[in-house]
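Peer 1: Any chance you could fold what I've pasted below:
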Amino acid sequence: MNHFLDIHKTDAADLRQIIDGARATKEARKGQPKGTPDADQPLKNHMVALIFEKPSTRTRVSFDLGVRQMGGQTMVLSGSEMQLGHGETIADTARVLSRYVDLIMMRTFEEQTLLEMAEFADVPVINSLTNRSHPCQIMADVMTFEEHRGPIAGKKVVWSGDGNNVFASFAHAAQRFDFDLTFTGPEPLDPEEALDGMYQVERDPFKAVDGADLVVTDTWVSMHDPQSARERRHNQLRGYQVNADLMAHAKPDALFMHCLPAHRNDEATSEVMDGPHSVIFDEAENRLHAQKAIMRWCVGG
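Peer 2: Numbering: from 1, shown residues only. I've put the predicted structure just below:
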């Protein structure tokens with residue numbers, strides 16, 4: 001049984017197997033309607049629980065569709081329906097769910113909730129987001145880069161903005177996939193100390209992107225942030241907006257990524273998001289293919 005809890009907790013060889021498998025499955029599906037079953041059906045007769053303490057569009061649609069394409073069925077559960085850890089313990093919830101389903105995907109707030117679910121579940125558990133990491137997204141990002149530019153090993157990736165949970169998974173991936181990662185952002189929004197040594201820091205965004213093969217950003221504010229926090233973050237991050245001027249300092253063929261949803265003309269301009277450097281919609285599509293490969297790996301397919 002394989003849990004997929006974080007990139008740095010998964011062997012590099014297994015991560016490579018997942019990326020290569022995702023690309024192969026995507027290629028095999030070219031030209032087919034979205035509802036066409038895959039030739040390979042590793043989730044046939046499998047039931048998958050999709051647990052959402054935090055709401056999502058891309059995660060719900062991509063996981064639900066992916067399960068169906070691989071022959072399985074889904075049960076979507078919201079945090080309000082389950083009230084994880086309120087009343088029944090997470091450990092008991094994990095034990096009960098394991099009697100009903102074959103695979104559990106969680107999108108939650110606290111990392112400890114995910115870890116406790118995995119500790120007591122008798123079926124594989126997938127981390128589709130916590131406050132500390134977002135590994136499925138970064139697997140899709142690595143896949144997307146390699147589709148367009150070949151192996152990511154040895155390349156320069158620059159993150160501009162907030163050192164958040166998505167950046168944390170980029171830092172984990174930098175070690176596993178052997179690429180260079182630079183963080184550029186204001187000091188109050190630096191990544192957590194546990195990531196020290198996994199990346200370089202350059203406060204000047206124009207110096208940071210010099211020679212970059214990939215420039216990445218993410219939303220400046222969360223849907224749960226109060227208005228005061230939103231205003232403060234905008235003031236802190238305004239100088240780190242990814243715009244045409246900043247992209248002009250990267251390599252001429254540099255790619256731009258954003259995991260979406262985006263606040264256009266805040267963290268990145270529409271000119272960049274819709275421009276020749278952008279691969280944001282390939283990136284969004286590849287969540288489907290990467291997550292299917294992760295599920296296949298989890299069940300031993």
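
Peer 1: Could you check how far residue 291 is from residue 78?
Peer 2: Residue 291 sits 19 Å away from residue 78 when distances are taken as CB to CB, to the nearest Å. For every residue, glycine as well, the C-beta is placed using N, CA and C.

Peer 1: what helices or strands is the worst-scoring helix or strand of the chain on mean pLDDT leaning on?
Peer 2: Lowest by mean pLDDT, DSSP states H and E among the helices and strands of the chain is helix 79-82, with a mean of 77. Packed against helix 79-82, as judged by 3 or more CB pairs under 8 Å, 6 or more residues apart in numbering; DSSP states H and E, are the following elements: strand 47-52.

Peer 1: Would you list the phi and psi of the residue lying farthest from the centre of the chain?
Peer 2: Taking CA atoms, centre = their mean, the residue of the chain most remote from its mean C-alpha position is residue 87, at 30.4 Å. For residue 87, the backbone dihedrals (degrees, to the nearest 10) come out as phi 100, psi -100.

Peer 1: That one and residue 93, how far apart?
Peer 2: With CB to CB as the criterion, residue 87 and residue 93 are 10 Å apart.

Peer 1: dump the residue contacts of the residue farthest from the centre of the chain.
Peer 2: Residues near residue 87 by CB atoms under 8 Å, 6 or more residues apart in numbering: none.

Peer 1: ok, back up a step: list of residues touching the helix or strand following the least confident helix or strand of the chain?
Peer 2: Beyond helix 79-82 in the direction of the C-terminus, DSSP states H and E gives the next helix or strand as helix 90-100. Here helix 90-100 makes contact (CB under 8 Å, 6+ apart) with 47, 49, 75, 82, 84, 88, 104, 113, 116-123.

Peer 1: Looking at residue 143 now. What's its pLDDT?
Peer 2: With respect to pLDDT, residue 143 scores 98.

Peer 1: Around it, how many other residues sit close by?
Peer 2: 24 (other CB atoms under 10 Å).

Peer 1: what's the spacing between the strand or helix carrying it and its chain's center?
Peer 2: Following DSSP H and E, one finds residue 143 within helix 135-149. Averaging C-alpha positions (CA atoms, centre = their mean, to the nearest Å) puts helix 135-149 9 Å from its chain's average.

Peer 1: swap in stretch 293-301?
Peer 2: On CA atoms, centre = their mean, the centre of stretch 293-301 falls 17 Å from that of its chain.

Peer 1: Can you give me the distance of residue 152 to residue 179?
Peer 2: From residue 152 to residue 179 the distance is 5 Å (CB to CB).

Peer 1: Residue 23 now?
Peer 2: 17 Å.

Peer 1: Specify which residue of these two has the higher count of neighbours.
Peer 2: Of the pair residue 23 and residue 179, residue 179 is the one with more neighbours under other CB under 10 Å, namely 20 against 17.

Peer 1: can you count the residues close to residue 213?
Peer 2: 19.

Peer 1: Over to the one 3 residues further on?
Peer 2: The number of residues packed near residue 216 is 25, by other CB under 10 Å.

Peer 1: and it, what is it in contact with?
Peer 2: Taking CB under 8 Å, 6+ apart as the test, what residue 216 contacts is 141, 157, 158, 159, 160, 170, 256, 257, 258.

Peer 1: and it, that one's in a strand?
Peer 2: Yes - secondary structure of residue 216 (DSSP: H, G, I helix; E, B strand; the rest coil): part of a strand.

Peer 1: Can you name the residues bridging to it?
Peer 2: residue 159, residue 257 (DSSP bridges).

Peer 1: show me where pLDDT drops low in the stretch 1-150 of the chain?
Peer 2: Along the stretch 1-150 of the chain, the model assigns pLDDT under 70 to residues 85.

Peer 1: Next, the buried residues of stretch 212-229.
Peer 2: Within stretch 212-229, the residues scored as buried using 16 or more other CB atoms under 10 Å are 212, 213, 214, 215, 216, 217, 218, 219, 220, 221.
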